[in-house]
Structures are given as structure tokens and as C-alpha cells.
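Trainee: sequence plus the predicted model coming up.
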Amino acid sequence: MAEQGRSHRRTNQMERTRSAIVAAARELADSGAEIRMSAIAAEARVSEATAYRHFPDLVSLLRAAVLVEDQVAVLRSVAEGDDPVERIGQAAEILGRAVLRREGAVRALVSSTIAKPETAKERPAHRFGLIEHALAPWVERNGLAGHEAVAQLVRDLAVVISAESLFTLIDLCGLGPQEAVAGLVATARRTTAAAVATITPAADRR
């Protein structure tokens, strides 16, 4: 009985420690600060080794800690009509502003998955759902489901509508955050407009 009591207390302590680490990561993410496992551990008042015992890497911790908004739902709430250029512009702005809100956490995720490519699949890929939802009315109206040119457009847009592109505009091109989001939007719109002009609807291919 005594052994069961000790085991229960150890389990409770582990859960409290894990919760403290997650709360610390969330607090740092919301502050926009640079995020490292050592900083999270210090904020949670535990050792870095303890943090790693609960989370094997920074990616898994940030996935548990950072509640990412449903960007497709945001787009659904603001998008009007079925013009793919307009909808893609809105999608790019939604993603860009979401990245800026938790810039430190997103930078940590990007750098972590670059350093450890095997963890890349664990990184949230919100851009694809956002892009596909933005294009869906145009794809359906023109019978383009499964069209290779549409798949290529999605891949092209995934390069543009991304945290990496936003950080390139800020870090290497010297744009301010809002200018960088505007640049993301403009490039996504141009990419979409060029593709739409060249992709033949199903009705015209008969």
C-alpha cells in the first residue's frame, strides 16, 4: 500500500513538472521571445535535463504547448466569393500574421527541423490546408480536381505562403513585419494569377 502511495505521488509530481514545462513554453511563445529548451527550463524552474526527460526535442514540446489557431476556419470566416487570387491573398495574410504572433516559437520550430530533417514531418503543415481551401471553389467550379497543374500550383504556393519566406523578407530583405506580410500576399497573388491564366478548365479540354 505504501509503495502504491509513493508511486502515485511520483506520477503526480511528473505531471506537475510536465505541466510547468508546457506552461513555460506557452508563456515564452506568447511573449514573442526567442525560444530555446534552456530558456523554457529556466522559466519552468527545472533543469534542462528534466525538460528533455519529458520532451525529447524542442519540436515535440512546442507541438504540445503552442495551440495553433485553425487557420482554415479563419479564412472561411473572412473569404467571400470564389476568386482564387483574392482567396489566396487572404490565405497568405492569415498565415503571415499567425507567424508574427508567435514568431519566436515558429523560428524555433523552423531551425529545429532544419537541424534535424527527420523531425520535419512532426512540424505542423498548416499552409497546405489553407492553400487547398482557398483554391477549392475555383477547382470545383472548373472541374480541376486531380489536375497536375493544380498540384504544381499548390507546391509553388507552399514555397511562398510560409514562415521561411516571411523570415527571408524580414531578415535578408530588410522589410518590416507588416511590409513582409504584404510582400507575401503580393507574391502569392501573382503566382496564382499566372497559373489560373494558363490552366484550362475541364469543359474546354473536351
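Mentor: That came in fine, so what should we check first?
Trainee: which stretch of helix or strand covers Val106?
Mentor: Under DSSP states H and E, the secondary-structure element containing Val106 is helix 103-115.
Trainee: export that helix as PDB, just CAs?
Mentor: Provided in PDB are the C-alpha atoms of helix 103-115 (Å, rounded to 0.1, in the frame of the first residue of the first chain):
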ATOM      1  CA  GLU A 103       7.400  34.500 -34.100                       C
ATOM      2  CA  GLY A 104       9.900  33.100 -31.500                       C
ATOM      3  CA  ALA A 105       8.200  29.700 -31.400                       C
ATOM      4  CA  VAL A 106       7.900  29.500 -35.200                       C
ATOM      5  CA  ARG A 107      11.600  30.400 -35.600                       C
ATOM      6  CA  ALA A 108      12.500  27.700 -33.100                       C
ATOM      7  CA  LEU A 109      10.400  25.100 -35.000                       C
ATOM      8  CA  VAL A 110      11.900  26.100 -38.300                       C
ATOM      9  CA  SER A 111      15.500  25.900 -37.100                       C
ATOM     10  CA  SER A 112      14.900  22.700 -35.200                       C
ATOM     11  CA  THR A 113      13.500  20.900 -38.200                       C
ATOM     12  CA  ILE A 114      16.300  22.200 -40.400                       C
ATOM     13  CA  ALA A 115      18.900  20.900 -38.000                       C
END
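Trainee: phi, psi for Glu34 please.
Mentor: Per-residue torsions, Glu34: phi -60, psi 140 (degrees, to the nearest 10).
Trainee: give me the nearest residue to it, chain neighbours excluded.
Mentor: Spatial nearest neighbour of Glu34, excluding adjacent residues (CB to CB, 6 or more residues apart in numbering): Gly104 at 5.2 Å. No exception for glycine: its C-beta is placed from N, CA and C like everyone else's.
Trainee: and the helices in this protein?
Mentor: Listed in chain order, the helices of the chain (DSSP state H) span 2-31, 37-44, 48-54, 58-65, 71-78, 84-101, 103-115, 126-141, 148-160, 163-171, 177-198.
Trainee: which of the ones you listed sits most buried?
Mentor: helix 84-101 (a mean of 22; mean count of other CB atoms under 10 Å).
Trainee: what does it rub up against?
Mentor: Outside of helix 84-101, the residues that reach it under the criterion CB atoms under 8 Å, 6 or more residues apart in numbering are 32, 68-69, 71, 74-75, 78-79, 81, 106, 126-127, 130-131, 133-135, 137-138, 157, 160-163, 166, 177, 180-181, 184-185, 187-189, 191-193, 196.
Trainee: how about stretch 186-196?
Mentor: 84-86, 88-89, 91-92, 135, 138, 149, 152-153, 156-157, 160-161, 165.
Trainee: before we move on, back to that, list the helices and strands the helix holding Val106 packs on?
Mentor: helix 2-31, helix 58-65, helix 163-171 (3 or more CB pairs under 8 Å, 6 or more residues apart in numbering; DSSP states H and E).
Trainee: so which of those helices gets nearest Thr113?
Mentor: Smallest distance to Thr113 across the helices and strands packed on helix 103-115 (CB to CB): 6.4 Å, for helix 58-65.
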